[in-house]
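**Q** What follows is a protein structure lacking sequence information:
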């Protein structure tokens, strides 16, 4: 009896070792993925931005299936911050300490990014912004663990200002959401439009989540400006455009948006036709790389990529490129590899400045137009500006 | 400061008040009769907006949607009351707060899963499109309709509560549910009915709001905060109070944003604070 027990145990154990060996090895490989954490907004009114970041990650994962980065699989971990800076820090900390994430991205509000970025030097992790606009992130609040792939607010304001400098419009009303990005961008726009010998006649800062813009529309009407410069996040912009149209204001005073998003075009509909502004990534850019991306994206998600779908995808691709270049996912090595490096982006050449970690890239002025080929309005590119014209001087929000 | 300007600001305040009233009236009723602070109330407003947009998109009819969507939202509300809230009335208020808060989160995320994160727009009916000239200013027809709708619904609810037998029973339950029970009123049914009716009112507010604000995630949370302020100012459980509170909050928000933009939000809460200190039962509420 004893011997039989012994034999059984040996056989079972032996089988386990022989079969388990390769499994164990395979798991060692799988347990060592490159983890990218997204403390992003997945619920509530700003969820659309988190969902864009997530869509880009999903396409990136599909495109890199089997390849990975440095031969290691890529794992995305999503956390919902509910658009609250304190929660964003808590969730980022969880990603870093519990999940062992070295790379963070997907922060939605600039206020969240400012809060998380401030913690990165302590955590020794890299935060890659693909959405956050506030100029301060790469200026006053710069730290070496923060990289901005996307066009910043001041850069968008710059592209619009360059376009407006050529237009017949002279007087502008500026309306910015009452938080870091809105205030920052209105300031930047004012400075640049004044430099172009034009005037910002009045400005206002409605709180985030304003559902009735009637009072502001009244003031805009009263100002008799030629255009109204809008720095409002997605939902607020949609509501504003809808209501301004109902008041009939948009006929005389042209809406100019710092970011012209597909989300707005879908929700506002034809009432938005003719609106101009800048786009950080217009999916209509005519480059072979972008065309292929739009096709792959549409196949996977059945919608056209919005601004942050494109910008986030670029961020991931670039991050993969520099990790490969560094030959390691060691954060310090990746930072060094990234500084002063080049990347061939969807909409043109990108360059990561060492001095402030702002990606230099083309800027666009676009207009919302109808096109029978698409189910909604699309951004038509009015003008393209080279990176050095739309990127501010190092670690400032000023332009040469 | 021209006449046109003053008129326009006045109308802005009234239109917003109309919308706020539709939401806060239900919130106030539920508290007055069920003694429950219903955090999920704003979500029914959101459901109304989304259902309204769907209904208009499918049928192309605004007016039938305005009439039919609120009862649907009401039924959803009544079913939730009957299946969850009903069992915890006797527990401390914190349980009800947690439950309704949970329901709000579940419903909001369900809407996101079903409809996606993009806001949905809907046009006002042909009759209410465009603007009319009033005292030298062009004012959107649809906003005028919101003023009328708020007043009409207020009148109907008030009449229902004060002049009908059902209203009498509802008031009896509100005053002393145990006594009403002894006298033969079906308290459980009254509660479900009131909860459903309150949700229907919020749903009506949602359908009415959609052409002005679009239907979007987070609209429920954003409106519930204002509605709570309205109810605190007006007095819990009082319909005239909700009306007065809506006017005060509507005026504070729109005029504040126009004349004192930096302090618009402060004004509203300052009024609420003053009420809480000097008249904690609200303008039209009853001292307990």
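**A** Good, I have the coordinates. Please read these numbers as outputs of a predicted model, since none were measured by experiment. Numbering: from 1, shown residues only, chains lettered A, B, ... in the order given.

**Q** For the stretch 101-250 of chain A, just list every one of the helices.
**A** Taking DSSP state H, counting those that start in this stretch, the helices of the stretch 101-250 of chain A run over residues A:110-123, A:153-165, A:180-195, A:214-223, A:234-246.

**Q** and the third one, which residues are buried?
**A** Meaning helix A:180-195. A:180-193 (16 or more other Cβ atoms under 10 Å in any protein chain shown). Heads up, the C-betas are built off the backbone N, CA and C, glycines and all.

**Q** now stretch A:266-276
**A** Neighbour-count burial for stretch A:266-276, counted by 16+ other Cβ under 10 Å, picks out A:266, A:267, A:268, A:269, A:271, A:272, A:275, A:276.

**Q** Of these, which belong to strands?
**A** Residues of those located in strands (DSSP state E): residue A:276.

**Q** tell me which of the buried residues of stretch A:266-276 is nearest to residue B:64?
**A** Minimum distance to residue B:64 across the buried residues of stretch A:266-276 is 21.9 Å, recorded for residue A:269 (Cβ to Cβ).

**Q** In space, what's closest to that closest one - neighbours in sequence excluded?
**A** What sits nearest to residue A:269 in space, not counting adjacent residues and going by Cβ to Cβ, 6 or more residues apart in numbering or on different chains, is residue B:121, at 5.5 Å.

**Q** go on, residue B:132?
**A** Using Cβ to Cβ, 6+ apart, the nearest residue to residue B:132 is residue B:141, at 5.7 Å.

**Q** now swap in residue B:71 and tell me
**A** residue B:200 (5.8 Å).

**Q** Could you say which helix or strand holds residue A:373?
**A** Counting by DSSP states H and E, no helix or strand carries residue A:373.

**Q** For burial, what's the neighbour tally of it?
**A** Using other Cβ atoms under 10 Å in any protein chain shown, residue A:373 has 6 neighbouring residues.

**Q** quick one: it from residue B:161, how far?
**A** With distances taken as Cβ to Cβ, to the nearest Å, residue A:373 is found 56 Å from residue B:161.

**Q** re earlier: any chance of TSV for the helices of the stretch 101-250 of chain A, columns distance to residue B:3?
**A** TSV is the format used below for these (distance: least, Cβ to Cβ, whole Å):
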stretch	distance to residue B:3
helix A:110-123	41
helix A:153-165	34
helix A:180-195	31
helix A:214-223	13
helix A:234-246	22
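
**Q** buried sites along stretch B:215-230?
**A** Burial within stretch B:215-230, assessed by neighbour count using 16+ other Cβ under 10 Å, is assigned to B:215-224, B:226-230.

**Q** For chain A, which residue occupies the most central location?
**A** For chain A, the residue nearest the mean C-alpha position is residue A:131 (2.1 Å; Cα atoms, centre = their mean).

**Q** Just list the residues touching the closest residue to it other than its chain neighbours, thanks.
**A** In this structure, residue A:131 finds its nearest non-sequential neighbour in residue A:308, 5.0 Å apart by Cβ to Cβ, 6+ apart. Listed by Cβ atoms under 8 Å, 6 or more residues apart in numbering or on different chains, the contact set of residue A:308 reads A:49, A:52, A:53, A:56, A:130, A:131, A:150, A:280, A:281.
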